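> Mind folding the following:
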Amino acid sequence: MRAMLCRAYGPVDDLAMGELPSPSLAPGEVRLRVAACGVNFPDVLIVQGKYQFKPEPPFAPGGEVSGTIVEVGAAVEGFRVGDPVIATTLWGGFAEEVVTTPDRLLHRPESMDEVTAAGFALTYGTSYHALVQRAALAPGETVLVLGAAGGVGVAAIQIAKALGARVIAAAGSADKLAFAREQGADETVNYSEDGYRDHLKELTAGRGVDVVYDPVGGDLLDPSLRSMAWNGRYLVVGFASGEIPRIPANLTLLKGCSVVGVFWGQFRRNEPGLDAENFRRLFALHAEGRISPVISATFSLERAREALAVLSGRAAKGKVVLTV
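All right, here's what the predicted structure looks like:
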């Protein structure tokens, strides 16, 4: 099968199209014909050897797939040949086929096409888990979404609004802030300009924000943490800036706030029943037209390097997807 291959850990530019043997199928596994694959920041990290999981090269990156089941191994229940599905595979998705296990599969709802489905599971699964289980977000609370124009940022805005929250979107340019407003943000703030904290103070009448959703990290943590309300929850979602910040513990004391880690992949493994309920609710919200990924760009499999460069350069608005 054709695949975009990482033959050794290193820069994204070293990826190259190649051939891999069609993966064998063991009992308890299914084979998918890949239709599309979401492009996400962990794909960059896994190619560089900086992610929590380190597959043995050569491998194809890509952990968020939509496709169709073409073969079912022995002892598999709940899925059959021909089923349209979404798969979260950690890696392997930048290829024509992928083999995985049923616990990593979701039946693709009728309300979603293949490209939309490829941009849904990781961002919306992460954001829903973050806001519902980790932040216990309540209607009327204020959520500050950092990196608001990215895939998880858009998902966080839409989900927070569906849960009845007020959303302040934060990004680094006027066009990204305008895009965030189109996704439902009530207010916006540019964190690349002076007066970031003063603007947040003004927007919250001096009270601060109840929840910070932070997939960016780096220099944004300190001023955002200082802008929290009493009993606030700071959600550590990721480090798209490339820098893992140090947390000033004295601020958590002074603010009476919590710093909460969000690791959706581990949540899925530890609490599969609750994750399945999350997706039942998410698919219902999508069918109602209240949430949907914004696919800002699609690339062919052969152009995967370009897609990853758009993402790592923080030029993307919404989701980037490969079509296979």
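
> can we go C-alpha only for contacts and neighbour counts from here?
OK.

> which stretch of helix or strand covers the most centrally placed residue in the chain?
Per Cα atoms, centre = their mean, the C-alpha nearest to the average position across the chain is that of Thr123, at 2.9 Å. Secondary structure from DSSP states H and E places Thr123 in helix 121-128.

> about what we covered before: what about the residue nearest to the centre of the chain, distance to Leu274?
Going from Thr123 to Leu274 by Cα to Cα, to the nearest Å gives 17 Å.

> Please apply the same query to Ala240.
Distance of Ala240 to Leu274, computed by Cα to Cα: 27 Å.

> who has more neighbours, the two?
In this view Ala240 and Leu274 are compared by other Cα atoms under 10 Å, and Ala240 has more residues nearby, 21 against 14.

> which ones are touching the closest residue to the more buried one other than its chain neighbours?
Nearest residue to Ala240, sequence neighbours excluded (Cα to Cα, 6 or more residues apart in numbering): Val216, at 4.5 Å. Applying Cα atoms under 8 Å, 6 or more residues apart in numbering, we find Val216 in contact with Leu146, Gly147, Val237, Gly238, Phe239, Ala240, Ser241, Gly242.

> mind giving me CSV with those and columns for distance to Gly92?
Shown next, in CSV, are the contacts of Val216 (distance: Cα to Cα, whole Å):
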residue, distance to Gly92
Leu146, 29
Gly147, 27
Val237, 23
Gly238, 22
Phe239, 23
Ala240, 22
Ser241, 25
Gly242, 23
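
> In PyMOL, how would I select just the buried ones from those?
Listed next is the PyMOL selection for buried residues among those, using 16 or more other Cα atoms under 10 Å:
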select buried, resi 146+147+237+238+239+240+241
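
> Just give me the closest of the contacts of Val216 to Ala309.
For these, the residue nearest Ala309 by Cα to Cα is Ala240; the value is 13.0 Å.

> In terms of helices and strands, where is that closest one?
Here Ala240 is covered by no helix or strand, with elements defined by DSSP H and E.

> and it, how far is that from Ala148?
From Ala240 across to Ala148, the span is 12 Å (Cα to Cα).

> Any figure for the gap between the residue at the greatest distance from the centre of the chain and Phe267?
In the chain, the residue that sits farthest from the middle, by Cα atoms, centre = their mean, is Ala74; the gap is 32.0 Å. Counting by Cα to Cα, the separation of Ala74 from Phe267 is 27 Å.

> Gly49 too?
Taken as Cα to Cα, the span from Gly49 to Phe267 is 23 Å.

> Can you show me the CA trace of stretch 95-108 as PDB?
Output of stretch 95-108 as PDB, limited to C-alpha atoms (Å, rounded to 0.1, in the frame of the first residue of the first chain):
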ATOM      1  CA  ALA A  95      -1.800   5.600   4.200                       C
ATOM      2  CA  GLU A  96      -4.200   3.700   2.000                       C
ATOM      3  CA  GLU A  97      -5.000   1.200   4.700                       C
ATOM      4  CA  VAL A  98      -4.800   0.900   8.400                       C
ATOM      5  CA  VAL A  99      -5.400  -1.900  10.900                       C
ATOM      6  CA  THR A 100      -6.800  -1.200  14.300                       C
ATOM      7  CA  THR A 101      -9.000  -2.600  17.100                       C
ATOM      8  CA  PRO A 102     -12.700  -2.000  17.800                       C
ATOM      9  CA  ASP A 103     -12.000   0.100  20.900                       C
ATOM     10  CA  ARG A 104     -10.500   2.700  18.600                       C
ATOM     11  CA  LEU A 105     -13.500   2.900  16.300                       C
ATOM     12  CA  LEU A 106     -16.700   4.900  16.200                       C
ATOM     13  CA  HIS A 107     -19.500   4.400  13.700                       C
ATOM     14  CA  ARG A 108     -19.600   7.400  11.500                       C
END
